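J.: Here's a sequence, model it:
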Amino acid sequence: MSARDEAIAELATLVAARTLPHPTRVAVDGITASGKTTLANELAAALAATGPPVLRLSMDGYHHPRAHRYRQGRGSADGYYEDAYDFPSFAELVLRPLGPDGAGRYTPAIIDLPTDTPLDRTPVPVPGAAWLVVDGSFLQRDELAGLWDVVVWVDTPFAEARRRGIARDTDLLGGVDAAATAFDERYHAAARRYLAEVDPAAHADVVFVNTDVHRPEVRRVG
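T.: Residues are numbered from 1 along each chain as shown. Have a look, this model is predicted:
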């Protein structure tokens, strides 16, 4: 077993230790390109191997429409922080329905991000014994406060996340220089605001140190 496999197994054990009468709502939070999506996929697979079903969601399905997302400008850090995601809808259509007083039915997504097309909001029923694993940015903002059962903070330095993000998004964002500008002026500028206002690492249940993706470290916080 690799060092990363061991870390994922340790993280899954910590998450699975929560025994609740409703789905366990797990946030995988972190700055852009910290490795949230990869970690959430790995965690979901590890949890699924233990038996109960896993609901795997991304905040990509809860973006605001394009016109709303970019109303402060395509390069605006405040626009990304304030306008990118529809957190109130996510709370009402996912987290509260799957919580202790919820109906046990949730809406997986409200928008197809590539086409900017609204999706059907008909809720889907789930069993009580399940895990919900969600990756996204800004998951500890006030709109979602108190609605998670476990919060994992993916701790990756800005410089390393920037390097990964530019490599990943060069084609998507129009070249190396354009990608670097987007990370410096929009994505990571918004993330710095989030860190300053919320201090998400300090409030997470688990910190997953992901500086070296081959040898990460699990730190239990709360």
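J.: got the contact list for Val152?
T.: Taking CB atoms under 8 Å, 6 or more residues apart in numbering as the criterion, Val152 is in contact with 11, 15, 26-29, 39, 43, 204-208. Placement of C-beta: from N, CA and C, glycine included.
J.: Let's see that with 10 Å instead.
T.: By CB atoms under 10 Å, 6 or more residues apart in numbering, the contact list for Val152 reads 11, 14-15, 26-30, 36, 39-40, 43, 133, 135, 139, 204-208, 218, 221.
J.: got the CA positions of the one helix or strand in the chain whose mean pLDDT sits lowest in PDB?
T.: The weakest-scoring helix or strand in the chain, judged by mean pLDDT, DSSP states H and E, is strand 217-220 (a mean of 91). Extracted C-alpha coordinates of strand 217-220, given in PDB (Å, rounded to 0.1, in the frame of the first residue of the first chain):
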ATOM      1  CA  GLU A 217      -0.500  13.600   5.900                       C
ATOM      2  CA  VAL A 218      -3.700  13.400   7.900                       C
ATOM      3  CA  ARG A 219      -4.000  15.700  10.900                       C
ATOM      4  CA  ARG A 220      -6.900  15.400  13.200                       C
END
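J.: For His188, which non-adjacent residue is spatially closest?
T.: In space, and not counting its chain neighbours, His188 is closest to Phe158: 5.7 Å by CB to CB, 6 or more residues apart in numbering.
J.: oh, I was asking about Gln72
T.: Using CB to CB, 6+ apart, the closest residue to Gln72 is Gly79 (3.2 Å).
J.: Checking my notes, that neighbour in a helix, right?
T.: Yes: Gly79 forms part of a helix when assessed by DSSP: H, G, I helix; E, B strand; the rest coil.
J.: so the residue lying closest to Ala180 once chain neighbours are set aside is in which element?
T.: Computed as CB to CB, 6+ apart, the closest residue to Ala180 that is not its neighbour in sequence is Ile166, at 5.5 Å. According to DSSP states H and E, Ile166 maps onto helix 158-173.
J.: Pairing partners for Tyr106 in the sheet, please.
T.: Judged by DSSP bridges, the bridge partners of Tyr106 are Val124.
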